[in-house]
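**Q** Show me how the following folds:
(one chain, ligands or ions: 1)
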Amino acid sequence: MYKIPANTLFIGKNLVFMPECHSTNTHALQLCQEPSTPEGTLVITDNQTAGRGQMGNSWEAHAGQNLTFSFILKPAFLRPHEQYSLNMAISLGLYDFLSAFLQQPVHIKWPNDLLADDRKVCGILIENSIQGSTLAHAVVGIGLNVNQANFSSPRAGSLRTVSGQAYALQDVLDTLLVALEQRYLALRQGKTAQLKKDYERALFGLDEVRPFKAGGEEFEGTVKGIDEAGRLLLETAAGMRAFALKEIEFVY
Ligand SMILES: O=C(O)CCCC[C@@H]1SC[C@@H]2NC(=O)N[C@@H]21
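**A** Purely as a prediction, here's the structure:
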């Protein structure tokens, strides 16, 4: 059970709690079909049985130990080609929250994996619906590992594995939603250039030579930022190259 967050303006003010749910993203997408569903509606569960991740992957979270939720935005001020800027704002909200909460370095592994102690502690799945030339709805799905202690992958972790502490999920949710809302409001106010600057500064591998894989080929590159379409910019032996999602893999 969760309470409506006290310190947000609109995110979570309409809260739908389900003890168990297939996927909070799928449920939120259904709610988007109802014109009366307010912006900020938040769907949260203790036990997600068919969580969906990026690129058709699944998302597993131990029941009752982590935060698993989705909220609905109506970013009609964005054009379809600006979708990447919503990803920047949401990733930065999580980055701000994690940096302040954990008091240690956090990175965004392009496009939106949140790493603390070089382990992925949070995944984001944003699903947009386009109407005409604008984004009518965006469902922002977040899986934040909070108190889970064991992971099958050494690259995955939680707030607990990073800090050694356990947390009240409601407190984490309340603080996180405020950080997310602040960055979303900045986007709504048109502060995209500042968001891009902050996002690029937070990127994992920024200005470091690292191995990557693209089209079956492994090569070294240096993360330099993103381009105007949100593609990853890598400085390579062949010059500056831009990669879209699915075209590039970090090898680490
Ligand atoms: O692959 C990723 O990193 C993204 C994972 C996103 C998981 C969250 S959990 C809440 C929401 N509901 C889903 O089915 N997926 C997202």
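**Q** Next, Q182: secondary structure please.
**A** Following DSSP: H, G, I helix; E, B strand; the rest coil, the label given to Q182 is helix.
**Q** Chain neighbours aside, what residue packs nearest to it?
**A** Counting by Cβ to Cβ, 6 or more residues apart in numbering, Q182 lies nearest to G93, which is 6.8 Å off, once chain neighbours are set aside. Every residue, glycine included, has its C-beta placed from N, CA and C.
**Q** how about the one residue in the stretch 151-252 of the chain that gets nearest to the ligand, what does it touch?
**A** Residue nearest to the ligand within the stretch 151-252 of the chain: A156 (10.1 Å; Cβ to the nearest ligand atom). Residues in contact with A156, defined by Cβ atoms under 8 Å, 6 or more residues apart in numbering, are 119-121, 145.
**Q** run the last query once more with 6 Å
**A** Residues near A156 by Cβ atoms under 6 Å, 6 or more residues apart in numbering: 119-120.
**Q** My reading is that S70 lies in a strand. Confirm?
**A** Yes - counting by three-state DSSP, S70 is located in a strand.
**Q** Quick check, it in contact with I142.
**A** No - if you go by Cβ atoms under 6 Å, S70 and I142 don't touch, sitting 7.1 Å apart.
**Q** right, is the lowest-mean-pLDDT helix or strand in the chain up against the ligand?
**A** Least confident helix or strand, the chain: strand 249-250 with a mean of 93, by mean pLDDT, DSSP states H and E. No - shown here: strand 249-250 not in contact with the ligand (Cβ under 6 Å from any ligand atom), separated by at least 13.2 Å.
**Q** ok now that strand, how far from the chain's centre?
**A** Chain-centre distance of strand 249-250: 18 Å, with Cα atoms, centre = their mean, to the nearest Å.
**Q** Sheet partners, orientation included, of it?
**A** Paired neighbours of strand 249-250 in the sheet (DSSP bridges): strand 209-214 (antiparallel).
**Q** can you map out the helices along the stretch 1-150 of the chain?
**A** Remark: helices assigned in the stretch 1-150 of the chain by DSSP state H, counting those that start in this stretch are 24-31, 83-102.
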